[in-house]
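>>> Only the shape, not the letters, is given here:
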């Protein structure tokens with residue numbers, strides 16, 4: 001039977017997983033640039049990775065210790081999934097993230113060709129194909 005622990009244990013696992021994923025996101029090229037407003041140095045990337053993975057391991061260890069290996073592993077994967085979804089949506093809708101330039105397709109010549117409604121807007125409401 002699964003031990004009935006206080007909700008604080010669940011919250012600790014979630015926060016450790018979220019912090020680990022956030023540090024790993026800071027170590028990546030694109031998300032690190034969005035969050036830091038600059039490119040992270042190689043030393044910072046190593047530091048972020050060096051702190052992110054142990055936090056994920058710590059959250060796994062906490063699950064194994066608190067709920068035993070059979071339930072702890074399942075709970076860890078559950079909270080890990082929740083933390084990943086939260087971080088993915090937080091990064092996708094980050095307040096200062098630049099909006100995409102439009103629904104354009106880059107052609108062979110390197111120029112952007114707009115498609116759909118953005119093409120109509122660029123052409124002043126007239127269909128550019130006619």
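Good, I have the coordinates. The structure presented is a predicted model; accordingly, all values stated were derived computationally and were not measured.
>>> The spatially closest residue to residue 10 that is not a sequence neighbour: neighbouring residues, count only.
Of all residues not flanking residue 10 in the chain, residue 79 sits nearest, at 6.9 Å (C-beta to C-beta, 6 or more residues apart in numbering). Where C-beta positions appear, they are placed from N, C-alpha and C, glycine not excepted. Using other C-beta atoms under 10 Å, residue 79 is surrounded by 23 other residues.
>>> Let me see the contact set for residue 79.
10, 13, 14, 17, 59, 63 (C-beta atoms under 8 Å, 6 or more residues apart in numbering).
>>> let's go with 7 Å and repeat that
10, 13, 14, 17 (C-beta atoms under 7 Å, 6 or more residues apart in numbering).
>>> Pull up the gap between the third one and residue 47, please.
Going back to what we said before, that points to residue 14. 23 Å (C-beta to C-beta, to the nearest Å).
>>> Also the second one?
Spatial separation of residue 13 from residue 47 under the definition C-beta to C-beta is 23 Å.
>>> Now name the helix or strand holding the residue most central in space within the chain.
Nearest to the mean C-alpha position of the chain, by C-alpha atoms, centre = their mean, lies residue 88 at 3.5 Å. Using DSSP states H and E, residue 88 sits within helix 42-92.
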